[in-house]
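# The following block contains a protein sequence and its predicted model.
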Amino acid sequence: LGTSVDLQGGMDPAQALPAELFSTRRGARGDMGYSVTDGVAVIQASGALVHRSRMDGASSYLLGYNELAMQLEDAMSNPDVHAVLQVMDTPGGEVSGAFEYGDRILAQRGRKPMWAIADSMAASAGYLGGSAFEQLAVSPTGYVGSIGVVMRHLDLSRRLANDGISVTHIFAGDHKIDGNPYEPLPKDVQAAFQEEIDSLYGMFVDAVVRNRRMTAQAVRDTQAAMFRGQAAVQLGLADRVSTTDQLIAELAAMRNRSFPTGRAARTQANQGAPMSGTPEAGGQPTATPAAAAAPTFTQSDLDAARAEGHAAGAAAERQRIADV
């Protein structure tokens, strides 16, 4: 223990501004935590990300991959939502759960328009998630990238020695205390940790290659750097430069058109390929001829039917009076 593995950029999470501050189009927030604006579910992904949402020791709320995934899946199944936009302002987060989160996003592709925007940052684990959306935009002053993995080891041994403090480990299992902060990191342990980091980095590169259709070499050539706005688009890390409001407006315009009813609707329906009728030998249904489905009448036919109905009604009234 004594070590941590992160997919994070270099920004202090405490300095990150909430992503909702960058949009003037706000809808009511639902039970699942996302808002709906003109049929567009807007999911906010702000701050450092963790495996599961929780409160930390400073009473700060840490947003979990599990919560973001549940919000997305709920929005994709919500009949009042026709499109989804995830607004990201995150330096990254824990390795645990990050790849699973990306897979859950990818599994939703094709059901509804599903976009994301780095407004103003989608770094490291945040970029891993953002890259899995159908389209990833970046704000003009937004940053994406930091495709890399970091592990830190803290060596307190000299400080403890100066303070006259010694630590004795009582343990079983040769690797139980690997990476503890009370002694220098042994070379063999460091090599083992580096092997694990390299493996995770390979997984990260492969995920971006799959999500963004980039080459592995192009992803590795970024060397975990961050890229702003148009530079990110030129490298293929993002699709376009835009703003949150612009994307909400575009997605809102994709709402399904309402279809007319009555005679106009029947006219439109007859222009398509009807699926009624008796299957032929090949098993495919045949179209019902328009003449049979919608017979026509002349004006004289209508006048005659009206007169016939009037006469029948008058005869019925006379009979009713006679019976009384």
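Thanks, I have it.

# switch to C-alpha atoms for all contacts and neighbour counts from now on
Noted.

# Would you mind measuring from the closest residue to Ile147 other than its chain neighbours to Gly179?
Excluding the flanking residues, the one nearest Ile147 by CA to CA, 6 or more residues apart in numbering is Ala224, at 4.4 Å. To Gly179, Ala224 is 24 Å away according to CA to CA, to the nearest Å.

# Neighbour count: the two, which is higher?
The residue with more neighbours, out of Ala224 and Gly179, is Gly179; 22 against 17, by other CA atoms under 10 Å.

# Can you give me the neighbour number for Leu247?
With other CA under 10 Å as criterion, Leu247 counts 17.

# Then Gly173?
Neighbours around Gly173, by other CA under 10 Å: 6.

# ok so it is a strand residue?
No - under DSSP: H, G, I helix; E, B strand; the rest coil, Gly173 falls outside any strand and is assigned coil.

# Read off the pLDDT value for it.
Looking at Gly173, its pLDDT is 97.

# what's the answer for Ala28, then?
With respect to pLDDT, Ala28 has a value of 54.

# Glu183 and Ala161: what is the separation?
Distance from Glu183 to Ala161, by CA to CA: 10 Å.

# More neighbours: which of those two?
Glu183 (16 against 12).

# Am I right that Gly47 is in contact with Tyr65?
No - here Gly47 lies out of contact with Tyr65, judged by CA atoms under 8 Å, at a distance of 11.7 Å.

# For those two, list the residues in contact with both.
Jointly contacting Gly47 and Tyr65 under the rule CA atoms under 8 Å, 6 or more residues apart in numbering is no residue at all.

# what are the ranges of the helices in the protein?
65-77, 98-106, 125-130, 157-162, 187-212, 216-221, 229-235, 244-252, 263-271, 290-293, 299-323 (DSSP state H).

# low-confidence ranges in the stretch 1-150 of the chain?
Applying pLDDT under 70 to the stretch 1-150 of the chain flags residues 1-4, 8-31, 57-59.

# For the residue nearest to Ile147, give me its contacts.
Counting by CA under 8 Å, 6+ apart, the residues that Ala224 touches are 145-148.

# hmm, try it at 6 Å
Taking CA atoms under 6 Å, 6 or more residues apart in numbering as the criterion, Ala224 is in contact with 146-148.

# Need the buried ones from those selected in ChimeraX.
Of those, the buried ones can be selected in ChimeraX as follows, counting by 16 or more other CA atoms under 10 Å:
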select :146,147,148
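
# Which of the contacts of Ala224 fall within strands?
Cross-referencing those against strands under DSSP state E gives no overlap.

# Dump the contacts of Ala224 to JSON lines, plus distance to Ala172.
Shown next, in JSON lines, are those (distance: CA to CA, whole Å):
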{"residue": "Ser146", "distance to Ala172": "38"}
{"residue": "Ile147", "distance to Ala172": "37"}
{"residue": "Gly148", "distance to Ala172": "33"}
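
# I'd like to know which of the contacts of Ala224 is nearest to Val205.
Ile147 (7.4 Å; CA to CA).

# Next one: that closest one from Tyr127, what distance?
Taken as CA to CA, the span from Ile147 to Tyr127 is 7 Å.

# got the angle for the longest strand along the chain vs helix 244-252?
Counting residues, the longest strand found in the chain (DSSP E) is strand 114-123. Orientation of strand 114-123 against helix 244-252 (axes from the mean of the first three to the mean of the last three CA atoms, to 10 degrees) gives an angle of 160 degrees.

# what comes into contact with strand 114-123?
Counting by CA under 6 Å, 6+ apart, 9, 83-92, 133-139, 142-146 sit against strand 114-123.

# Would you mind writing the CA trace of that strand as PDB?
The C-alpha coordinates for strand 114-123 follow below in PDB (Å, rounded to 0.1, in the frame of the first residue of the first chain):
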ATOM      1  CA  MET A 114     -24.800  11.400 -27.600                       C
ATOM      2  CA  TRP A 115     -22.200  14.100 -27.500                       C
ATOM      3  CA  ALA A 116     -19.700  15.500 -25.100                       C
ATOM      4  CA  ILE A 117     -17.800  18.700 -24.700                       C
ATOM      5  CA  ALA A 118     -14.600  19.700 -22.900                       C
ATOM      6  CA  ASP A 119     -15.800  22.900 -21.200                       C
ATOM      7  CA  SER A 120     -13.200  23.600 -20.200                       C
ATOM      8  CA  MET A 121     -11.200  20.400 -19.600                       C
ATOM      9  CA  ALA A 122     -11.400  16.700 -20.300                       C
ATOM     10  CA  ALA A 123      -8.100  15.300 -19.200                       C
END
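
# in its sheet, what does that strand sit against?
strand 83-90 (parallel), strand 135-138 (parallel), strand 143-145 (parallel) (DSSP bridges).

# Report the buried residues of that strand.
Under 16+ other CA under 10 Å, the buried positions of strand 114-123 are 114-123.

# Check stretch 85-100 too.
So, applying 16+ other CA under 10 Å, buried residues of stretch 85-100: 85-95, 97-100.

# Name the nearest of those relative to Thr244.
Distances from Thr244 to those, taken by CA to CA, are shortest for Val87, at 7.2 Å.

# and the gap between the closest one and Met151?
For Val87, the distance to Met151 - CA to CA - is 27 Å.
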